[in-house]
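> Need the 3D shape of this:
(chains A, B, C and D, ligands or ions: 4)
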Amino acid sequence: MSSPETWTHPEPGAVPAATAAQPTPEQVIAGLRATTEGGIELTQLLTPEGERVASPIFDGFVSDIGAEQLRGLYRDMVLVRRADREGNALQRQGQLGIWVPLLGQEAAQIGSGRALRPTDMAFPSYREHGVAWARGVDLKDIFGIFRCTDQGSWDFQGSRLHPYTIVIGNQVVNAVGYAMGQKFDGKVGNASHEDTAADSDEATITYFGDGATSQGDVHEGFVWSSVYDAPVVFFCQNNQWAISEPTERQSRLPLYQRARGYGFPGVRVDGNDVLACLAVTRWALHTCRNGNGPVLIEAFTYRMDAHTTSDDPTRYRLSEELEVWRLKDPIERVRAHLTRTEGADQEFFDAVDAEADEFAVELRDYCVNMPDPPPERIFSNVYAEPSPALDAQRDSYLSYLAGFESTAGEG
Amino acid sequence: MSSPETWTHPEPGAVPAATAAQPTPEQVIAGLRATTEGGIELTQLLTPEGERVASPIFDGFVSDIGAEQLRGLYRDMVLVRRADREGNALQRQGQLGIWVPLLGQEAAQIGSGRALRPTDMAFPSYREHGVAWARGVDLKDIFGIFRCTDQGSWDFQGSRLHPYTIVIGNQVVNAVGYAMGQKFDGKVGNASHEDTAADSDEATITYFGDGATSQGDVHEGFVWSSVYDAPVVFFCQNNQWAISEPTERQSRLPLYQRARGYGFPGVRVDGNDVLACLAVTRWALHTCRNGNGPVLIEAFTYRMDAHTTSDDPTRYRLSEELEVWRLKDPIERVRAHLTRTEGADQEFFDAVDAEADEFAVELRDYCVNMPDPPPERIFSNVYAEPSPALDAQRDSYLSYLAGFESTAGEG
Amino acid sequence: MTATMSRDAEQAGQGTQTLTIAKGLNLGLRAAMEADNKVILLGEDIGRLGGVFRVTDGLQKDFGEERVLDTPLSESGIIGAAIGLAVRGYRPVCEIQFDGFIFPGFDQIISQLAKLHYRSEGRISVPVVVRVPYGGGIGAVEHHSESPESLFCHIAGLKVVSCSNATDAYWMMQQAIASDDPVMFFEPKRRYWEKADVDTTAEPGPLMASRLVRRGDQNTTKRATLVSYGPQMRTCLDAATAAAEDGVSLDVIDLRSLSPLSLEPVFESVRRTGRLVMVTEAPSESSISSEVAARVQQECFYSLEAPVHRVTGFDTPYPPAKLEEHYLPDLDRVLYAVDQTLAY
Amino acid sequence: MTATMSRDAEQAGQGTQTLTIAKGLNLGLRAAMEADNKVILLGEDIGRLGGVFRVTDGLQKDFGEERVLDTPLSESGIIGAAIGLAVRGYRPVCEIQFDGFIFPGFDQIISQLAKLHYRSEGRISVPVVVRVPYGGGIGAVEHHSESPESLFCHIAGLKVVSCSNATDAYWMMQQAIASDDPVMFFEPKRRYWEKADVDTTAEPGPLMASRLVRRGDQNTTKRATLVSYGPQMRTCLDAATAAAEDGVSLDVIDLRSLSPLSLEPVFESVRRTGRLVMVTEAPSESSISSEVAARVQQECFYSLEAPVHRVTGFDTPYPPAKLEEHYLPDLDRVLYAVDQTLAY
Ligand SMILES: Cc1ncc(C[n+]2csc(CCOP(=O)(O)OP(=O)(O)O)c2C)c(N)n1
Ligand SMILES: Cc1ncc(C[n+]2csc(CCOP(=O)(O)OP(=O)(O)O)c2C)c(N)n1
Ligand SMILES: [Mg+2]
Ligand SMILES: [Mg+2]
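Residues are numbered from 1 along each chain as shown, chains lettered A, B, ... in the order given. Ligands and ions are numbered 1, 2, ... in the order given. This is a model prediction of the structure:
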């Protein structure tokens, strides 16, 4: 009784159903317990060793990705990882209040992020620095969040990357609302033929974690999008952990199968395979743009660092786990592939590394020189329209502050 | 691309997925649009014409239901319907503020309610008068809710029927918590063999509607119960409507299939077939008691009356729909079966009707004589422990009131 | 919008008409939808049924299913989707069916709706209106008679308003929709059927302002100020009339804007009368009535001849409706409070 | 409970010890779990990790996975399941990881937790404790520094308490768990590491009581009362010390119980000092600070020589943490307010 199909034809006398406490081996492999195995339904185009695997279903979605494009994806991942490591370092040196590392999730974020068209919209969670990069957001604008000088300062509408959201899962319904708007605006289903999508067609993607799938809002997003055929891709990065809790605390089944209950496609992709993430996300966006409604993608990946710089993962997970996942590193497999199959030489890799070094310096310089916001900021933009009551609070506080200054001046 | 199985193996070049706006005929029949067809996976033991249909899976769960027991179920349904009609009448006559009719849902409620053991627990929504009856609750104690004298006044713990809940779906997580408690108390999985359940084993059932399935809390209940193997039966009465909204506003797929995404069984039963509801619920409770965790039952039924006495369904649904469902009346099919197959005669039916008449009179008498609660009630039981602040509010209000009386006495 | 327009469509902008509050809201919504095709309504049963109070009656018929959405039964989804639509450039108006059902959508209101403009440093506006029929007095079962407005008054970034008459219903609804800020719009459901003459041509003053609606006789020695809003305005106006017969002269102020508060008219009045009775059916603890009292004692310290007196719902859950006449402030309780404050 | 008990197990009930607030809470939880095996903890990361603040450190190890549950990431589920467990006879203690994450669980708190005892006419008790680390000053990102306690103070049926020191942490936690009412337990997260000597043998006074923690010199002419709770108690005590050096004598009161309020000690003090400064980092509008002001002006009208003065967080969302030193009341702002009120 371990396959969902049979659960709609229950056999009361048959063997007991698998339970969360006693999962079947099949369930364990499918991702119930933290594991490196994605199971047989995992879509992979590049093996950890860098070999290209054919996929009749998804190859068509990356037919334009040649050696040059692959180098681009490699560079994206290296730069983003370097920025991420710099974030960690800056936090350790007291330049940031906290850092939320993406280490290990570069492929999931770059692959999906690069699948977007400029007109598509993205609603991130808080770890999506790679997506931000792919959207063309200057990563400097991310650092203010973690330095606690601001709450995100890029051009949200221009870049079509919504602000980060920290309350787990609650951006998901916002993304669905946005996608409904795309549909109401006539930006969906304009293609003359199923194989194409019109240039004017749009879609939305939203990012969340394995832990987030337990939240009511994610469910409500699933319901709304399927009922309104909203063009939204739910991109769940299953990095195996929600802080200290493994995925088994959230589900009996592999998470991509959650979509089955709502009547829209759910697929699992190797989240450490940038090519597969690109292909599968492109396919999903295509489906959305054509008016078929939502798609759930589970990117099976791993959080290789702590949850945040405040976290100490040695308290809850074994280092062996990390070792096994290191062998599946998202960057290494592209490097291997480029070297073996696409003739990339050391010079190329050195050049990318050098660029990354420069990038890190640039970020650091920016970050350490970031000015504190003025106290007025506390009171600004609470409302779009003026509020005399709040203005009075501001004025009174500022004149109180000025009092100190003048006293200081006198003293 | 209309079957969930294929959605985990997407074929990007294939025909487009069905959408909510353009459902496949199969989806329509399966319950996407309000319909009388439950689809091929509907479990039915008694046809609308009263014929007994064999079910290798479920027959074993009603092998003890002979002619006498069926008469009992018939009587249950007739009495409950009569109480329900009396509720409507009392509201029309100004004796109740509102009434929430169960007309058409008698089989779903009596079948599932009678499946419970005394030690099982039930968490109802607000329409479960039939469940209350089956739990042995005096229906008089329901009427105060709708007369607005109280908010339920039966012995909640003794009857193991929790108070009615009006906020849609939010009792579902409470039920799951209770079921977790049953498990922690060692009241689950004590049978020596899979076919039986130990006398000490318990389970919980919770009731909600088709509309409720969209709420985040119902989802969180699904997640928690599957993760903790909580012995809880989710009994969804799909009566085709959430006030004025048909089920298609809530889901693309038949609702019982929602369970597929969580990894526990979901079944659809003919909600107008009391025998099938009894059998399927007994099976589900059995599964729960044995420690296999939750089960979702979708009882495919119909709300034959208005949403409440405040509602006017002619504004949003066609009377033809009601006509078709009348042919599937839950009481009529048992009556036909008893007459044709079990040799029940007119005398039996007359006796039940007479009992129902008496019952109605009794309820009416009780109801119209129900005293208003005293003003002190406003202040009592806000806290389990005394609150001086609130006592002061009470005393001040009561002495204010007393002031009127003394003035009135003087005047 | 379909070609055949209902009669209502012609009713907006036609000079003075006698309207109920419900109809005023309905015509206000209609006018806003006609003026801006980005205005879109979301809610449970608001389309085909026209809402359980018929406030959206006829709108889906005239504006179509993509502008008046019968949504899934999911309040977090309603607010959350509205936010997304607002980010996309729409001006969504959500209906929460009853006061007690707003809580499943609370997180979206607090964490997203109220904060997006602030956290984005003004780059994103979320002009969402959340309509909440609120308050008791309709003989309903649980969760259908609550007054949760104080909770929203505590949250920065939200505008909280309440109308008390058909004219305000008509105009404030349009002003709320036109506002670039999120607005919690509390509708006094038990007054939905109260009528007034509404001039649908002359737009009145600003949305976020309190209003002195009755000025007491300044020559009387027994004077006080009554402050209220929404459903209790009727009670206060009746009390003022009754008090006048007894030689007590009351200023009556309709707060209209509950947050941010605009208390100048209150201060001005209290400085004249020296006495304030604040009336609301919401519970008193940590509430809007506490706020008014706190602010008035601060601003009018030397003018007050008696402490600010509050007449409120009790600090209990809303009781079974058979008891609501005791729970809800009424004419007698207001007059009694006035007497008490005068006797101070 | 496993056979091998950690060293902590021995720490409870051992006379006077120096404890941090976090450790006081931890030992309080432990003592309650030992005393009653129906006490059960639910929350995110509270088991293996011991909570992000380590307040539940070691408890899963000693009491097992069925008494310390690492739950799904779902706050409505946490509160909702706790309610069901309470109905079953358990005494659940929920941890909400940070203040800003309580809102997804708000509906369960408002509609179920606060009301079950009332609506069941006392037939059902829901002795659930909801622990909420709250307040700012820790340099955190959004939603990690909020003070939402006023919202809960407005809701009848909930007890709302906050501890400000290790002794209260230890005892109030046990008292809250022993209470048959639902208790919202607000923990001053930025003071978690402040130490005090705690006597773990002598149970102090009742949970629902305010306490005069410092009595000013009655012979000084410059006198006022400071009222606060939770994280701002430290600030107020420091302010009182500083003021004393300047010849200003301050009574300092720790509210402890935020709802229902027990204000007698406040009234008593204000009747002596004639002046009140209420300090809280929560926003001011429609809040607990409004309530204290409203009640004090009512009860102490003739004693007040200046209006009740409030020092609070501003009516804005919590700002980026680089600005929190401006947002949070500090020694200077409290002293400035004292001066202002004295100058009145
Ligand atoms: C509503 C809410 N509850 C709790 C938290 C605290 N919290 C922050 S991240 C996190 C775990 C999230 O896990 P997952 O969804 O898998 O995302 P990941 O961090 O692994 O990317 C938790 C519990 C929060 N931010 N929001
Ligand atoms: C949270 C919440 N939102 C809205 C309502 C108002 N309401 C009461 S019943 C109902 C429809 C419920 O439909 P369904 O779940 O199918 O149950 P049924 O009434 O058909 O039995 C609605 C919207 C409510 N009670 N609670
Ligand atoms: Mg994760
Ligand atoms: Mg229904």
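
> residues touching the closest residue to chain D within the stretch 51-200 of chain A, list them.
Closest contact between the stretch 51-200 of chain A and chain D, by Cβ to the nearest Cβ, is at residue A:148 (3.7 Å). The C-beta positions use only the backbone N, C-alpha and C, and glycine is treated the same way. Counting by Cβ atoms under 8 Å, 6 or more residues apart in numbering or on different chains, residue A:148 touches A:97, D:139-141, D:320-322.

> Starting from residue C:194, give me the distance back to the residue nearest to residue A:77 when sequence neighbours are not counted.
Using Cβ to Cβ, 6 or more residues apart in numbering or on different chains and skipping residues adjacent in sequence, the residue nearest residue A:77 is residue A:106, 4.1 Å away. Applying Cβ to Cβ, to the nearest Å, the value for residue A:106 to residue C:194 is 62 Å.

> if we can go back for a sec, my read: the residue nearest to residue A:77 touches residue A:81, true?
Yes - Residue A:106 lies in contact with residue A:81 (Cβ atoms under 8 Å); the separation is 5.6 Å.

> quick one, which of these two is more surrounded?
More crowded of residue A:106 and residue A:81, by other Cβ atoms under 10 Å in any protein chain shown: residue A:106, with 31 against 23.

> Give me the pLDDT for that one.
At residue A:106, the model reports a pLDDT of 98.

> cool, residue A:192 as well?
Looking at residue A:192, the pLDDT reads 85.

> Residue A:37 too?
Turning to residue A:37, the model gives it a pLDDT of 79.

> any idea whether it is helix, strand or coil?
Three-state assignment for residue A:37 (DSSP: H, G, I helix; E, B strand; the rest coil): coil.

> what about the strands in the chain?
With no chain named, the answer covers chain A. In chain A, the strands defined using DSSP state E lie at A:42-43, A:121-123, A:204-209, A:232-238, A:241-242, A:245-246, A:266-270, A:295-300.

> That was the other one, I meant chain C.
Using DSSP E, strands in chain C cover C:16-20, C:39-43, C:68-70, C:91-95, C:129-134, C:159-162, C:183-188, C:195-199, C:211-214, C:223-228, C:249-254, C:257-259, C:276-283, C:309-313.

> of all the strands of chain A, which lies closest to residue C:239?
With respect to residue C:239, and counting by Cβ to Cβ, the nearest of the strands of chain A is strand A:121-123 at 50.7 Å.

> any bit of that closest one sitting next to chain D?
No - shown here: strand A:121-123 not in contact with chain D (Cβ under 8 Å from any Cβ of the partner chain), separated by at least 15.8 Å.

> overlap in contacts of residue A:106 and residue A:81?
The contact lists of residue A:106 and residue A:81 share residue A:331, where a contact means Cβ under 8 Å, 6+ apart.

> Show me the domain layout of chain C.
C:7-199, C:211-343 (automatic domain parsing).

> Mean pLDDT, distance to chain D and mean neighbour count added to those, as a markdown table?
Formatted as a markdown table, these follow (pLDDT from 0 to 100; distance: least, Cβ to the nearest Cβ, whole Å; neighbours: other Cβ atoms under 10 Å in any protein chain shown):
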| stretch | mean pLDDT | distance to chain D | mean neighbour count |
| --- | --- | --- | --- |
| domain C:7-199 | 96 | 4 | 23 |
| domain C:211-343 | 97 | 4 | 22 |
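
> As JSON lines, those domains with distance to residue D:72 would be great.
JSON lines is the format used below for these (distance: least, Cβ to Cβ, whole Å):
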{"stretch": "domain C:7-199", "distance to residue D:72": "16"}
{"stretch": "domain C:211-343", "distance to residue D:72": "29"}
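
> Quick check: which of those domains is nearest to residue B:53?
domain C:7-199 (33.4 Å).

> Show me what residue of the stretch 51-200 of chain C gets nearest to chain A.
residue C:84 (2.3 Å).

> next one: the stretch 201-344 of chain C
For the stretch 201-344 of chain C, Cβ to the nearest Cβ, closest residue to chain A: residue C:260, 4.1 Å.

> Can you give me the distance of that residue to residue D:315?
The gap separating residue C:260 from residue D:315 is 7 Å, by Cβ to Cβ.

> which residues does the closest residue to residue C:286 other than its chain neighbours contact?
Of all residues not flanking residue C:286 in the chain, residue D:153 sits nearest, at 4.0 Å (Cβ to Cβ, 6+ apart). By Cβ under 8 Å, 6+ apart, residue D:153 lies in contact with C:285-286, D:160, D:258-259, D:261, D:287-288, D:291.

> Let me have these in a markdown table, extended by distance to residue D:70.
Listed next are the contacts of residue D:153 as a markdown table, based on distance: Cβ to Cβ, whole Å:
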| residue | distance to residue D:70 |
| --- | --- |
| C:285 | 35 |
| C:286 | 34 |
| D:160 | 27 |
| D:258 | 29 |
| D:259 | 30 |
| D:261 | 36 |
| D:287 | 34 |
| D:288 | 33 |
| D:291 | 37 |
